[in-house]
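Q: For reference, the sequence and a predicted model appear below.
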Amino acid sequence: MGYVKGLICKECKKEYAKEPIHVCEYCFGPLEINYDYEGIKKVVSKKSIESGPPSMWRYKALLPIDEDPKVGLNTGFTPLVHAKNLGKALGINNLYIKNDSVNHPTFSFKDRVVAVAVSKAIEFGFDTLSCASTGNLANSVAAHAAEAGLKSVIFIPDGLEAGKILGTLIYGTQLIAVKGNYDEVNRLCSEIAVNHKWAFVNINIRPYYGDGSKSYGYEIAEQLGWKTPDNVVVPVAGSSLITKIWRAFHEFEMLGLVDKVQSKIFAAQATGCSPVTTAIKNGSENITPVKPNTIAKSIAIGNPADGYYGIKTANTSGGYGEDIADEEIVASMKLLAETEGIFTETAGGVTVGVTKKLIEQGRIKPDETTVICVTGNGLKTQEALAGSFEAPAVIEPNVNNFEDFFANSLTV
């Protein structure tokens with residue numbers, strides 16, 4: 001058995017049993033997991049975690065499942081890369097990349113949340129998985145449904161990147177493109193969920209799904225030698241990940257696994273869809289919904305479900321919110337690849353570019369330990385780089401032709 005007592009409303013604190021629900025029936029606030037931390041303290045230690053599997057499931061006692069995980073046994077525990085070359089380019093000394101672009105099985109951090117959500121859906125007895133997605137979640141739900149032998153019906157906004165569409169269809173799912181942006185797709189799914197007994201991972205299973213993101217924060221702290229960093233730069237879409245990293249750090253503090261948390265959490269968005277960072281910069285606690293217009297489609301949510309809590313996390317931690325234009329996103333994707341050999345999708349370009357901006361503003365100091373969150377693989381968003389490179393040179397298959405080219409054109 002796990003250590004989940006039930007659900008609890010973030011706002012009015014009304015408690016609920018472990019059920020596939022996500023909204024408080026009294027105040028309509030979001031529900032979150034209510035853990036038995038006293039029980040967890042008795043079984044979790046640095047030693048117990050370090051002796052666990054090399055995956056997110058080394059933190060199983062802190063995740064909301066009652067049985068052994070049913071899928072994603074190799075998900076998580078991705079590299080924390082000491083990015084010395086990128087740090088030098090940006091002018092800071094202790095820079096790290098938390099690289100979920102190599103996560104298993106679909107190369108994004110969404111594999112963490114879906115592994116938890118699908119395991120929980122199976123515990124609840126669902127036979128069909130569903131979601132509204134901007135791409136990465138669609139890939140992951142389809143893959144995990146295939147692994148679990150479950151059916152899946154997935155909804156995306158029309159016009160997503162070809163790599164993300166193909167990366168969903170390959171798993172044999174039912175994929176439906178909706179004419180509209182993510183917020184319209186999500187609203188439609190909320191209505192469909194009323195009539196169909198499906199496990200919508202980011203709707204009725206959302207409290208369980210969201211806590212899978214905590215593993216990203218746990219890993220950062222463990223991989224830094226049981227320390228939390230001075231700064232974390234997080235891509236913001238629905239605002240769940242930014243809040244769960246913050247929560248993970250504080251759970252480790254409460255359990256005595258790390259010293260007092262003093263991390264500053266920074267929200268990163270694309271200027272073409274920046275409701276959270278705009279609110280932070282304006283000193284507001286309220287989101288003004290926007291219509292997305294950016295190449296960073298994986299984080300293009302104009303009315304984020306947890307936007308208020310994302311703002312609160314950045315402000316409470318002493319962090320900030322910043323955004324960058326599409327051309328800066330592309331430049332940052334190239335910079336990360338050229339300095340560290342990491343090909344990130346557009347969301348990673350956002351976090352790298354925002355980090356650069358925060359350093360220039362003096363919000364991140366040169367000697368502070370800073371972690372940039374890279375949450376997806378660049379092979380999924382190749383369209384964003386169209387026109388950014390010249391075509392390769394073409395030569396005849398002989399040495400003399402190469403030597404002529406080398407003498408006149410090649411620079412090494």
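A: Cool, the structure landed. If you're wondering where the values come from, they're calculated on a predicted model, not measured in any experiment. Residues are numbered from 1 along each chain as shown.

Q: Strands of the chain, start to end?
A: 4-9, 15-16, 31-35, 80-82, 94-99, 128-132, 151-157, 174-178, 199-200, 231-235, 264-270, 321-324, 369-374 (DSSP state E).

Q: quick one: which of those is nearest residue 215?
A: Closest approach to residue 215 among those (CB to CB): strand 94-99, 11.2 Å. Every C-beta, even on glycine, is put in place using the N, C-alpha and C of the backbone.

Q: which helices and strands does that closest one pack with?
A: In terms of contacts (3 or more CB pairs under 8 Å, 6 or more residues apart in numbering; DSSP states H and E), strand 94-99 is packed against strand 80-82, helix 84-90, helix 214-223, strand 369-374.

Q: Run the angle between the longest one and strand 369-374 for me.
A: In other words, helix 214-223. Helix 214-223 runs at 140 degrees relative to strand 369-374, counting by axes from the mean of the first three to the mean of the last three CA atoms, to 10 degrees.

Q: list the helices and strands helix 214-223 packs on?
A: So helix 214-223, by 3+ CB pairs under 8 Å, 6+ apart, packs with helix 46-50, strand 80-82, strand 94-99, helix 240-254.

Q: Ok, which of these comes nearest residue 120?
A: The nearest among the helices and strands packed on helix 214-223, by CB to CB, is helix 240-254 at 15.5 Å.

Q: re earlier: please identify the most buried of the helices and strands packed on strand 94-99.
A: Mean neighbour count (mean count of other CB atoms under 10 Å) peaks for strand 369-374 among the helices and strands packed on strand 94-99, with a mean of 28.

Q: who touches that strand?
A: The contact list for strand 369-374 (CB atoms under 8 Å, 6 or more residues apart in numbering) reads 80, 83, 92, 94-101, 109, 216, 220, 224, 227, 229-235, 241, 245, 336, 342, 344, 347-348, 351-352, 355, 364.

Q: Now do it against strand 264-270, angle only.
A: Interaxial angle of strand 369-374 relative to strand 264-270 (the same axes, to 10 degrees): 30 degrees.

Q: can you give me how far strand 369-374 is from the chain middle?
A: Computed by CA atoms, centre = their mean, to the nearest Å, the chain-centroid distance of strand 369-374 equals 13 Å.

Q: tell me the mean pLDDT over it?
A: Mean per-residue pLDDT for strand 369-374: 98.

Q: Residue 158 is in contact with residue 177, correct?
A: Yes. With contacts counted by CB atoms under 8 Å, residue 177 reaches residue 158, the gap being 4.4 Å.
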